[in-house]
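Visitor: Need coordinates for the below:
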Amino acid sequence: MESILMIIAFVLFAVLSDKKGSKKKVPVPRQEMPSPKNGGNLGFKIPELRNAPAADKRNSEWILQQEQAYRQEQEAKKREAEHKRQRMLEEEQIRAAEQAAYKIQAKLASTPVRRPRLWIPALTPESAQQAVVLAEILGRPKAYRRRR
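Guide: Numbers count the residues shown, from 1 in each chain. Below is the predicted model of the structure:
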């Protein structure tokens, strides 16, 4: 009976402590900035931006000139990249020609084409005969010989 009372007391304590801890503080609502009553006058002079185009230059003609300048700049970058790529191709061809000329002058033998090695050698009557002869010449492996 006492154990049941202890369990009930524990459950009540848990429920009450959860309710007390679960209350969240509500933040105070912020007040919006009041609109300026003096017609948008901030009370100080806004400084001019450095290197900003003058207001009279900001017309459609000026905008078209800026677009053309930007396009010309992009085309120049493309031409430069194409020239660089072309130059790299030419240099690769020159290097290949120089290496071929060097091999011819040095009379270097071209490296033979390597074939994949077979794990099992081909068994022919000649290779079997040669294996028996070599086994007789070489004898038993050192690991298999009796130690004295």
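Visitor: Could you use CA atoms for every contact and neighbour count after this?
Guide: Fine.
Visitor: Buried residues, the lowest-mean-pLDDT helix or strand in the chain. List them.
Guide: Taking mean pLDDT, DSSP states H and E as the measure, the chain has helix 2-21 as its least confident helix or strand, at a mean of 79. The neighbour-count check on helix 2-21 (16 or more other C-alpha atoms under 10 Å) flags nothing as buried.
Visitor: Can I get it in CSV? Just the C-alpha atoms.
Guide: Taking Å, rounded to 0.1, in the frame of the first residue of the first chain, the C-alpha atoms of helix 2-21 are listed here in CSV:
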residue,chain,number,x,y,z
GLU,A,2,2.8,2.3,0.9
SER,A,3,4.5,1.6,-2.5
ILE,A,4,1.4,2.7,-4.3
LEU,A,5,1.2,5.9,-2.4
MET,A,6,4.9,6.6,-3.2
ILE,A,7,4.2,6.0,-6.9
ILE,A,8,1.2,8.3,-6.9
ALA,A,9,3.2,11.0,-5.1
PHE,A,10,6.0,10.7,-7.6
VAL,A,11,3.7,11.0,-10.5
LEU,A,12,2.0,14.1,-9.0
PHE,A,13,5.4,15.6,-8.4
ALA,A,14,6.5,15.0,-11.9
VAL,A,15,3.3,16.4,-13.5
LEU,A,16,3.4,19.5,-11.3
SER,A,17,7.1,20.2,-11.9
ASP,A,18,6.6,19.8,-15.7
LYS,A,19,3.8,22.3,-15.7
LYS,A,20,5.8,24.8,-13.7
GLY,A,21,8.9,24.4,-16.0
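Visitor: Let me know the next secondary structure element after the longest helix seen in the chain.
Guide: The longest helix of the chain (DSSP state H) is helix 60-106. Moving toward the C-terminus from helix 60-106, the next helix or strand (DSSP states H and E) is helix 125-138.
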